[in-house]
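> got a predicted structure here, sequence first:
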Amino acid sequence: MNGEERQRPRAFRLDDERIVVADGETPAPDNLRQDKLRKGGVVVETTPDAFAPGDETNEPRDDEEATEIAQSRGMLARALFSWGGLLWSALGGLVSMALGLWATRIVEDLFARSAALGWIGVGLASLFVVALLALGLREMRAIFRQRHIAHLHGALARARDADDRDAARAGAGELLSLYANRPDTARARALVKDLTREIVDGRDLIDIAERNLMAPLDQEANREIAAAAKRVSMVTAISPRALVDILFVGAQAIRLLRRIAEIYGGRPGLLGFVRLARSVGAHLAITGGMAVGDTLVQQVVGHGIAARLSAKLGEGVLNGMLTTRIGLSAMAVCRPMPFAALKQPGVKDVAPFLFGDGK
């Protein structure tokens, strides 16, 4: 090749003086490369981010980054001003004023008829206001609880990445307090509490907390997702109308989101559920491309014959897989700590029956 001998592959030692290690951002000069090659040396190039520090397996962080972004768009969203928020606030204010004027007119009419009826109307209106305030306080408490879970998720992820012992102990303490009123976690909480004072390595402490506290909750969430996917696939396969399919799938998705949030310690009300749904939708949008690669293609190929034999059967399978994806996204968003010591489940792990190789 133009008078130059083709270089054959061969073994070499990295401590050989004839080897030049060139960083990816500052490559070795061409004349130095040619000189080393002519002398029988080897030029080894590295990229700055080839291996992240402290990450021996160099595993991608795509899923965790997607989860934190989804939480920031929904459960952690703190927009002080938006046109949508202004619209609904103005509409809510008008509706509140209309209801107030309507109630005032009713009470005045009752007083015009009888003082006793008027006071009864005042009492009922007062009970309505008290109940409305109680519901508002419960909604705010639920939103703050979901925000706390999302903040705890991010804090534990950062503590594990940095192997920060103090941050890991603080996060473990918050995790224990989150499930303090859950009798089913009593044994795991006692174990983690004892080990908090003994384990020095922050990453090990977080991994132990995940294995003991999260594993039973993950299994319960997986069962809920699998049951919802079975219901959706069966109803879709036998329902005579597409409208029935849409309504049932939507109802099951809403129920599944609430149930998974409750499993991991959240108690979403109406507004909290809206935030949770935004986070799950953002997670689905971000991870949709990754999910298609290892689930949807397998699903289409594996059920091609079944779909040809029965279009409704194919729709049931795909709707079941969609429900499973929604549940897995809710699982990632609602979980108070990232998947690290435990493997993050996929569609085939949770609902193998959709692929024909489970029960």
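Here it is on my side, so go on.

> can you give me the neighbour number for residue 270?
A count of neighbours around residue 270, defined by other CB atoms under 10 Å, yields 10. (Each C-beta comes from the backbone N, C-alpha and C, glycine too.)

> any idea how far the nearest residue to residue 207 once chain neighbours are set aside lies from residue 175?
Spatially, and ignoring its direct neighbours in sequence, residue 207 is nearest to residue 341 (3.8 Å; CB to CB, 6 or more residues apart in numbering). According to CB to CB, to the nearest Å, residue 341 stands 14 Å off from residue 175.

> of those two, who's got more company?
Regarding residue 341 and residue 175, a neighbour count based on other CB under 10 Å identifies residue 175 as having more, with 25 against 18.

> work out for me the element the more buried one sits within.
For residue 175, the element it lies in under DSSP states H and E is helix 165-178.

> got it, and residue 321?
Secondary structure here is read from DSSP H and E; on that basis residue 321 sits in helix 311-334.

> which residue ranges form the helices in this protein?
Listed in chain order, the helices of the chain (DSSP state H) span 30-38, 62-73, 83-113, 115-162, 165-178, 186-196, 202-209, 215-238, 242-263, 270-291, 297-302, 304-309, 311-334, 347-350.

> surely residue 224 and residue 259 touch.
Yes - here residue 224 reaches residue 259: they are 5.1 Å apart, a contact under CB atoms under 8 Å.

> so where is the stretch 51-200 of the chain shaky, pLDDT-wise?
Along the stretch 51-200 of the chain, the parts satisfying pLDDT under 70 run over 51-62, 78-82.

> again, only this time at 80
51-64, 66, 71-85, 88 (pLDDT under 80).

> how near is residue 178 to residue 133?
Using CB to CB, we find residue 178 at a distance of 26 Å from residue 133.

> likewise residue 323?
The value you get for residue 323 to residue 133, if CB to CB is used, is 37 Å.

> neighbour count for these two, which is higher?
For residue 323 versus residue 133, neighbours defined as other CB under 10 Å are more numerous around residue 323 (27 against 10).

> now do the contacts for the residue nearest to residue 207.
206, 207, 208, 210, 211 (CB atoms under 8 Å, 6 or more residues apart in numbering).

> without its sequence neighbours, what residue ends up closest to the third one?
So that's residue 208. Leaving out its chain neighbours, residue 208 is closest to residue 195 (CB to CB, 6+ apart), at 5.8 Å.

> same check on the last one?
In space, not counting the residues next to it along the chain, residue 211 is nearest to residue 341; the distance is 5.4 Å by CB to CB, 6+ apart.

> where does the one you found land on pLDDT?
With respect to pLDDT, residue 341 has a value of 88.

> could you list the low-confidence segments of the stretch 201-350 of the chain?
When residues are selected by pLDDT under 80, those of the stretch 201-350 of the chain lie in 239-240, 269, 287-314.

> neighbours around residue 205, how many?
Other residues near residue 205 come to 23 when the count uses other CB under 10 Å.

> ok, residue 236 next?
Using other CB under 10 Å, the number of residues around residue 236 comes to 24.

> so what's it closest to, chain neighbours aside?
Of all residues apart from its sequence neighbours, residue 316 sits closest to residue 236 (CB to CB, 6+ apart), at 3.9 Å.

> next one: that neighbour relative to residue 77, how far apart?
With distances taken as CB to CB, residue 316 is found 35 Å from residue 77.

> for stretch 118-133, the distance to its chain's centre please.
Going by CA atoms, centre = their mean, to the nearest Å, the spacing between the C-alpha centre of stretch 118-133 and its chain's C-alpha centre is 41 Å.

> ok, the contacts of residue 341 vs residue 333, which is closest?
Comparing those against residue 333 with CB to CB picks out residue 210 as the nearest, at 16.4 Å.

> now the phi/psi pair for the nearest residue to that closest one once chain neighbours are set aside, please.
Nearest-residue entry for residue 210: residue 341, 4.7 Å, with adjacent residues in sequence omitted and distances by CB to CB, 6+ apart. Main-chain dihedrals, residue 341, degrees, to the nearest 10: phi -70, psi -30.

> still on that earlier bit, filter the contacts of residue 341 to the buried ones?
Burial by neighbour count, judged by 16 or more other CB atoms under 10 Å, picks out 206, 207, 208, 210 from the contacts of residue 341.

> now for the second one: which residues touch it?
When contacts are counted by CB under 8 Å, 6+ apart, residue 207 is found next to 160, 340, 341.

> repeat for the third one
With contact taken as CB under 8 Å, 6+ apart, residue 208 is in contact with 191, 192, 195, 199, 341.

> from the residues you listed, which single one is nearest residue 269?
residue 192 (29.5 Å).

> quick one: contacts for that closest one?
Shown here is residue 192, whose contacts under the criterion CB under 8 Å, 6+ apart are 172, 175, 176, 208, 209, 212, 213.

> so the last one touches residue 188, yeah?
Yes - in this structure residue 213 lies within contact range of residue 188 using CB under 8 Å: 4.9 Å.

> got the end-to-end distance for stretch 196-204?
10 Å (CA to CA, to the nearest Å).
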